[in-house]
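# A predicted structure for the sequence below; I have some questions about it.
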Amino acid sequence: MADRGAGGDRGGFGRGFGGDRGGRGRGGDRGGRGRGGRRPRREAEEEKWVPVTKLGRLVKDGKIKSIEQIYLHSLPIKESPIIDALVPALKDEVMKIMPVQKQTRAGQRTRFKAFVVVGDGNGHVGLGVKCSKEVATAIRGAIILAKLSVIPVRRGYWGNKIGKPHTVPCKVTGKCGSVTVRMVPAPRGAGIVAARVPKKVLQFAGIEDVFTSSRGSTKTLGNFVKVQLLFLHSILSFYSFIAISYSIINAV
């Protein structure tokens, strides 16, 4: 009868090919199971931002410390990490994802169109629209475009100038396609009296109280969102107001 001392109770056979190097499998003392053992998990390394524009290099070097400096000199923003560095509290929300089709000789080509709104609730808001074959790619591209299109929003008061600005500074009307939206300043505590889409945009812009009315095909959400950004950019832009004031003073 064979000697069973070396193999224990298994008839002379050890536990796999490991021998005394770990017991099970070919991993040996590198982990015990499998051919290569268990490798340590790699920590998620953050991608380092390498700026490619002069503005990006100034932001990374700390020479530009606020986004207001960029708006004051009307500098174009070409890199989304600039917004991430200067506005860290920026939030984003997907407003709508819709399929769009294009007729080609091979048939219909379907892609997905994403509408994303970003804002910090303190006077900065942006909108991004992107089409792609995949939903995730469309959302990712829309977020980048929304960050690049972030604009400052001018806020005002309803009555006495007490406390912080809380509403739109004047009555304003915007139009995009068949959608027309009118906004009227509201007293403090009235809240945002608006539909779901403009309410979300105005919350991201930092407006707390406003009365709104809308007409047209508001079911077309793309135009309904764009009209908010159009008049926020053209009429309520704070730094365009400053630039006009400076030009008038210089002319005088």
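Cool, the structure landed. Numbers count the residues shown, from 1 in each chain.
# Pro76: what secondary structure?
coil (DSSP: H, G, I helix; E, B strand; the rest coil).
# list the contacts for the residue lying closest to Leu127 once chain neighbours are set aside?
In this structure, Leu127 finds its nearest non-sequential neighbour in Leu229, 4.7 Å apart by CB to CB, 6 or more residues apart in numbering. Placement of C-beta: from N, CA and C, glycine included. By CB atoms under 8 Å, 6 or more residues apart in numbering, the contact list for Leu229 reads 125-127, 149, 151, 201.
# let's see if you can find the most crowded of those residues.
Neighbour counts for the contacts of Leu229 peak at Val125, which has 28 neighbours (criterion: other CB atoms under 10 Å).
# now do the strands in the stretch 151-252 of the chain.
Applying DSSP state E, counting those that start in this stretch to the stretch 151-252 of the chain gives strands spanning 151-152, 172-176, 179-185, 192-193, 210-215.
# where's Ile162 relative to Tyr71, distance?
27 Å (CB to CB, to the nearest Å).
# in the stretch 101-250 of the chain, what spans have low per-residue confidence?
234-250 (pLDDT under 70).
# try it again with 90
Scanning the stretch 101-250 of the chain for pLDDT under 90 picks out the ranges 123, 151-155, 159-162, 169-170, 172-175, 228-250.
# tell me the contacts of the residue nearest to Gly156 when sequence neighbours are not counted?
Using CB to CB, 6+ apart and skipping residues adjacent in sequence, the residue nearest Gly156 is Pro169, 2.9 Å away. Going by CB under 8 Å, 6+ apart, Pro169 touches 154-157, 185, 236.
# now swap in Val129 and tell me
113-116, 142, 145, 222 are the contacts of Val129 under CB under 8 Å, 6+ apart.
# show me the contacts of Leu229 that map onto helices.
Applying DSSP state H to the contacts of Leu229, the entries found in helices are Val201.
# turn the contacts of Leu229 into CSV, including distance to Glu79.
Below are the contacts of Leu229 laid out as CSV (distance: CB to CB, whole Å):
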residue, distance to Glu79
Val125, 19
Gly126, 14
Leu127, 18
Ser149, 13
Ile151, 17
Val201, 24
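# spatially, which two of the contacts of Leu229 are the most separated?
Pairwise distances across the contacts of Leu229 peak at 12.8 Å for Ser149 and Val201 (criterion: CB to CB).
# tell me, how many residues neighbour Ala85?
The number of residues packed near Ala85 is 18, by other CB under 10 Å.
# what's the pLDDT at it?
Note on Ala85: pLDDT of 93.
# which helix or strand contains the closest residue to it other than its chain neighbours?
In this structure, Ala85 finds its nearest non-sequential neighbour in Val59, 5.5 Å apart by CB to CB, 6+ apart. Per DSSP states H and E, Val59 falls inside helix 54-60.
# buried sites along the helix or strand following that helix?
Sequence-wise, the next helix or strand downstream of helix 54-60 (DSSP H and E) is helix 67-72. By 16 or more other CB atoms under 10 Å, the buried positions in helix 67-72 come out as 67, 70-71.
# quick one: Ile82 from Lys161, how far?
When distance is defined by CB to CB, Ile82 is 33 Å away from Lys161.
# repeat for Gln108
Look at Gln108 and Lys161: by CB to CB, they are 57 Å apart.
# one more: Val184?
18 Å.
# more neighbours: those two, which one.
Using other CB under 10 Å as the criterion, Val184 and Lys161 rank with Val184 on top: 16 against 9.
# just to check, that one is in contact with Lys171?
Yes - Val184 is within contact range of Lys171, at 5.3 Å (criterion: CB atoms under 8 Å).
# I figured the residue nearest to Ala85 was touching Ser66, is that so?
No - counting by CB under 8 Å, Ser66 is not a contact partner of Val59; they are 10.0 Å apart.
# can you work out which residues contact both of these two?
What both Val59 and Ser66 touch, as defined by CB under 8 Å, 6+ apart, is the set Leu86.
# more neighbours, those two?
In this view Val59 and Ser66 are compared by other CB under 10 Å, and Val59 has more residues nearby, 25 against 10.
# nice, that's everything, thank you.
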